[in-house]
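*Asks:* I'd like to go over a predicted model; first the sequence, then the structure.
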Amino acid sequence: MTHATDSAGPWALAWRRFKQDRVALVSLCITAFFLLVMFASYAGLLARNWSAEVAPSYTAPTLQKVTPLANTHEQVGLPQTFTDPPVDISDIDPLTPHYQEWQQLTAQVAKAQAAQATHLFFGADKWGRDVLAKVIKGSEVSMTVGIVAALLSVMIGAVLGALAGYFGGVIDACMEWLYNVLTSLPSILLILAVAAVFSRGFMTIILILGLTGWTGVYRLLRAEYLQHRERTYVRAAEALGASHASRMFRHILPNVSHVLLVQFSMNVVGFIKAEVILSFLGLGVPVDMVSWGTMLAETQEELVIGKWWQLLAAGGSMAILVTAISLFADAVRDALDPKLNE
Amino acid sequence: MNLSAFIIKRLMNMIPTLLGVMLLVFVLFNWVGGDPAYILAGKIGDPKQIANIRHQLGVDRSYWIQLWIFFKQVCTFDFGRSWSTGELVSDVLLSRVGPTLTIMVPVLILETLLATLFALWVSYVRGSLTDRVVMVICTVAMSISFLVYIIVFQWLFGYRLGWFPVQGWADGFLTNLTRYAPLPVMLAVFVSLSPSLRLYRSFVLEEMNHDYVRTARAKGISERAIMLKHVLRNAAIPILTNVGMALPGLFVGSFLLEVFFSIPGLGREVVESVNRSDFPVIKAITVYLAILTMLANLLVDVLYRWVDPRVTFK
């Protein structure tokens, strides 16, 4: 006879099921890798100098090291030869005394820019910045927006859904009214309407996405709480004198937390996609930051002149992360739903 | 309950929601949005001029009176004039609906037809290599940003191959439909096909597990007839719901498509109004779109009964 503590809990069982799913494990590894890159970028280990000019404009992806500003004149398209000798106007030019000084200053600037040659596996953009570094820095911004906004939306949705489903009555009616109001508008229009009145900024976009994106979580959590509040274990907790808050969040919440996990992953995907679109429309992250959205916004004109690498780098890394999280969410849902496996 | 009683009841239920939408829009634009006089007066900022504008717009009065003005605006379809172009807001809206629908109606029809047909096909060969390959392609296709699709398609078909104009819009409906609409329509259908196909496949598979399918098969009906007559008819109900929920989106179209292809539709109007802080236009579009959404939901519920006689109104 086995001891009671030997039986695995629902999470352990889910993990056992999850481990058998090879696709799920790969997607988990990819997501973890992206998170690692994000934290490394936060800590300054990666892509610290993403905004530095390290190569000539639009250097193509190469496996060799690139020296900065190797052939600037060719790139900028300055005329290489003059037929006439330049006219000497130094007698009448009021700026003559300054030229010497400026030349010295320019020399210093040039020296500062003459950093060591770097690898450019993904080429350089219009301003000679390393696209790979931009993608890493961009993933930091895009993923932060996605994750923090998703956390916010899940928290709002969970609290409101719990209140509505658990208490019912007037509270439920008010929440349902709020839900109906928010869902009677297409989400993108709601986001744009809110974006219209707030100032642009990094925190603003997180707030907008979080404050408008909680309705799906609310809907599901409310339904779960409606079912669970009548269950025997909640009744038992009530009989033992557990308060409303304790019953809602200590007893019921762990039993419905799988819904939150799946919704969280799906919201991260949705918000990363939304950030890209908002940043392209000029309503997202400010211009001094780089995100996948601002990178993609640059690629339209680049593609016309045949510079494809920034599109590939930003679009590709975003697609990989989004696929990984979507597959992860699917696998979590399957692993946590015992009914599917029976 | 008969149909008219059902519709009347549902219309009554819309009133509190609609009031909520109006309150939300009012709070956003009249309270959070700040004083419009400063936006309108721009950099000149003459105090007398600002006071004048404030009086014209009624923002120097109490919030209750402003709310009442807004309420009257919604009821009379009179939002005054656009702050940036001076056009009547109602004229702006009416002239923008046409281009948006020219793009979005073909998109909805094509997408529904194609997604349903593909869903029937992959469900028919479910579990096979074809099915799995199509599903993997769908998952990957869904993960690529819409922005990337637009940029690549516009470059490839408009610029590189030159099959379609890169962007533009004309006056004639037929010119637009045959010349400027095909590329954006193709793009939107291509992008929305993957999520719809995945969803519809699950609807069809759900139906295929039912007893009536087995009965039909036992009676010797051909597989094709089972799929196209029996399964499709039942799977049409959730598909219809999905299409119904997409209906309100028709009117804003795709913001991105309209911006990229310079289509003078509602979506581009919203984006431009947001960038210009043209509040009357955004307010009007938001409120009327909410009304349309609610009416579309009602329409779907009524259509249910037409498709599925088992459904009763309650």
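*Replies:* Perfect, thanks for sending it. Numbering: from 1, shown residues only, chains lettered A, B, ... in the order given.
*Asks:* lowest average confidence, helix or strand, in the chain?
*Replies:* Picking chain A for this. Of all the helices and strands that make up chain A, helix A:72-76 has the lowest average by mean pLDDT, DSSP states H and E, namely a mean of 46.
*Asks:* oops, wrong one, chain B.
*Replies:* Lowest by mean pLDDT, DSSP H and E among the helices and strands of chain B is helix B:36-41, with a mean of 66.
*Asks:* check which residues of whichever helix or strand comes after that one are buried.
*Replies:* Using DSSP states H and E, the helix or strand that directly follows helix B:36-41 along the chain is helix B:47-57. Within helix B:47-57, the residues scored as buried using 16 or more other CB atoms under 10 Å in any protein chain shown are B:50, B:53-54, B:57. In short, each C-beta sits where N, CA and C put it, glycine included.
*Asks:* which of the residues you listed sits closest to residue A:315?
*Replies:* Within these, proximity to residue A:315 (CB to CB) peaks at residue B:57, which comes in at 43.9 Å.
*Asks:* the residue nearest to residue A:62 when sequence neighbours are not counted - how many residues pack around it?
*Replies:* Excluding the flanking residues, the one nearest residue A:62 by CB to CB, 6 or more residues apart in numbering or on different chains is residue A:120, at 5.9 Å. Residue neighbour count, defined by other CB atoms under 10 Å in any protein chain shown, stands at 24 for residue A:120.
*Asks:* just to check, residue A:120 is in contact with residue A:128?
*Replies:* No - counting by CB atoms under 8 Å, residue A:128 is not a contact partner of residue A:120; they are 9.7 Å apart.
*Asks:* so where's chain B uncertain?
*Replies:* B:1, B:33-45, B:58-59, B:252-253, B:313-314 (pLDDT under 70).
*Asks:* from residue B:278, how far off is the residue nearest the centre of it?
*Replies:* Centroid-nearest residue in chain B: residue B:249, 0.7 Å away (criterion: CA atoms, centre = their mean). As defined by CB to CB, to the nearest Å, residue B:249 lies at a distance of 22 Å from residue B:278.
*Asks:* what's the answer for residue B:244, then?
*Replies:* As judged by CB to CB, residue B:244 and residue B:278 stand 31 Å apart.
*Asks:* more crowded one of those two?
*Replies:* The neighbour comparison of residue B:244 against residue B:278 (other CB under 10 Å) goes to residue B:278, with 22 against 17.
*Asks:* with distance to chain A as extra columns, can I get the buried residues of helix B:47-57 in TSV?
*Replies:* Shown next, in TSV, are the buried residues of helix B:47-57 (distance: CB to the nearest CB, whole Å):
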residue	distance to chain A
B:50	19
B:53	18
B:54	18
B:57	16
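*Asks:* next, count neighbours for residue B:78.
*Replies:* By other CB under 10 Å, the residues close to residue B:78 number 12.
*Asks:* so it sits against residue B:90, correct?
*Replies:* Yes - shown here, residue B:78 and residue B:90 form a contact pair, counting by CB under 8 Å, at 6.7 Å.
*Asks:* now do the buried residues in the host helix or strand of residue A:177.
*Replies:* Per DSSP H and E, residue A:177 falls inside helix A:169-183. Residues A:172, A:175-176, A:178-183 are the ones in helix A:169-183 that count as buried (16+ other CB under 10 Å).
*Asks:* cool, and stretch A:281-301?
*Replies:* Neighbour-count burial for stretch A:281-301 flags A:281, A:283-285, A:289-300 (criterion: 16+ other CB under 10 Å).
*Asks:* and that stretch, what's its mean pLDDT?
*Replies:* For stretch A:281-301, mean pLDDT is 82.
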